[in-house]
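Asks: heads up, no residue letters with this:
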């Protein structure tokens, strides 16, 4: 042992002086450090205090590894003799210099050097460690007696040693990959990687917070929650209650074992900006599996503002598609979702269908989305049943041209359901409740009906054709175009609603199951009481009458899915809590099965 002054209470770090980070990994030298004596020079004396320190660190979720200059076989024999082999991960035992080996070890374990503490009695080895792993924290062997009292090694209670088990899993994967002699993609394809997505975030809210606040190298947005656990839970729950939020926790398994929940995404969907990821964070335990790239592409590449450095570029379109990943139920013993067997899912509607389609997009390869969206400052109702029915029966070209100033595009008159539909089992998800009260304008030349929801309208729709354009709140040129080419027809009649719906349902092939989400008939009065919305009730009645004529149609009443509390807290009649949409998704899967 080299004589030198006692270790400082806070070992040196390559990071900010005096402010070392919390330690997640301790790398141990063996001779004259973890045990007394030198193995190659007459044997060693087992140090039970050091051994118990490693055990206690494991119970705190802090991992231990080895970097020793020795022959591997005698070291493994000593550890086996004391039943201690399983407490160390990634043992690096050889006569090669320690600096490069430490850098490799830290990379394999997928941590940042400032979160690693290297304990070695040799000052030359510690200096070499700092050179090859900048930021690493180092100390000599005298720190062992006080290590458990060090504030940087408080860790987090893990009496079941789950974190140690997960790193042993990582070690096994790395060892087999190195021994396989195949390229990375071939190894991953042979690893049987499955991803399960848990949408009930509240059931695992502390793990969700941990992923958001503690991950860094694979935290793409760097958005954080409050450090105080109570405030963090409240903030996350408030966010997740928004109807236009989609979120999930990722659980990863492969042939080596279960990695637990190792990723989270929370995505905001808006008409004007589309989808944007607010949180997109992953544990480094799954680094190299391609999970983050797979999910980003599965979510159809939403807007993602990457902040700071991350270890994966999900925007790199030249990166290999992670075709080695499959979706599995969150319950490993459950059967695969019926959605896996679908040729496609068509979702057509408004906000309700956006939320519902998201869940299908994660378990089905092909989801066709036809939603309303803001264009040219207007809100064309391209998802309206009148547009779909007219398109199925062939939409006149002249009408399409005159619809264009209102934000309509040629593809709106060629919806998926009006095209050549691929054979095979499929699902149509339809919603019509947003149409209630929307007026129609008849095209003078062709008679085609155009639903219009004017943005910024200051008068009633029927008066747009009569009022002074300056008083309508709409672009005068748009008003002039409307007056020249359209006639006000008013809301669709009951006969129109029935006819449109029959046209749509007849277009569905025999192997298509149709699910129609009815409108919520309950509204809150100014006095705060729940009342029946008669217009929604009447539309639901019309839809139910037509649906009864078709054996492949299932109606879903949202109030049958919602709890009393969810109904009482409802702020807007057609914007539900995201877990209501998830239960609707599960309800549909049950019927498909």
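Replies: Received, thanks. Because the structure is a prediction, the values reported are computed rather than measured. Numbers count the residues shown, from 1 in each chain.
Asks: quick one: low-confidence residue ranges for the stretch 201-350 of the chain.
Replies: Along the stretch 201-350 of the chain, the model assigns pLDDT under 70 to no residue.
Asks: where along it do the helices fall?
Replies: Secondary structure of the stretch 201-350 of the chain by DSSP state H, counting those that start in this stretch: the helices cover 205-214, 229-240, 291-298.
Asks: winner for burial among those?
Replies: helix 291-298 (a mean of 20; mean count of other Cβ atoms under 10 Å). All C-beta spots, glycine's among them, are computed from the backbone N, C-alpha and C.
Asks: list the contacts for residue 185?
Replies: 320, 324 (Cβ atoms under 8 Å, 6 or more residues apart in numbering).
Asks: pull the distance from the longest helix seen in the chain to the chain's centre.
Replies: Assignment by DSSP state H gives helix 162-180 as the longest helix of the chain. Centroid separation for helix 162-180 versus its chain: 25 Å, with Cα atoms, centre = their mean, to the nearest Å.
Asks: then stretch 258-276?
Replies: Offset of stretch 258-276 from its chain centre (Cα atoms, centre = their mean): 4 Å.
Asks: likewise for stretch 280-292?
Replies: 12 Å.
Asks: what is the linear distance spanned by that stretch between its boundary residues?
Replies: From its first residue to its last, stretch 280-292 covers 8 Å (Cα to Cα, to the nearest Å).
Asks: check stretch 553-563 too.
Replies: By Cα to Cα, one end of stretch 553-563 lies 25 Å from the other end.
Asks: give the closest residue to residue 226 in space, chain neighbours not counted.
Replies: Closest residue to residue 226 apart from its sequence neighbours, by Cβ to Cβ, 6 or more residues apart in numbering: residue 232 at 4.9 Å.
Asks: how much space between that neighbour and residue 205?
Replies: Separation of residue 232 from residue 205 (Cβ to Cβ, to the nearest Å): 9 Å.
Asks: again, but for residue 52
Replies: Distance of residue 52 to residue 205, computed by Cβ to Cβ: 34 Å.
Asks: sorry, back to before: which among the helices of the stretch 201-350 of the chain is found nearest to residue 536?
Replies: helix 229-240 (26.4 Å; Cβ to Cβ).
Asks: orientation of that closest one relative to helix 205-214 in degrees?
Replies: 100 degrees (axes from the mean of the first three to the mean of the last three Cα atoms, to 10 degrees).
Asks: same for helix 229-240, what does it pack against?
Replies: helix 205-214 (3 or more Cβ pairs under 8 Å, 6 or more residues apart in numbering; DSSP states H and E).
Asks: tell me what the longest helix of the chain is packed against?
Replies: On a contact count with 3+ Cβ pairs under 8 Å, 6+ apart, helix 162-180 meets strand 63-69, strand 88-94, helix 98-109, helix 184-189, strand 257-270.
Asks: nearest to residue 228, out of the ones you listed?
Replies: It's strand 257-270; of the helices and strands packed on helix 162-180, that one is closest to residue 228 (Cβ to Cβ) at 19.3 Å.
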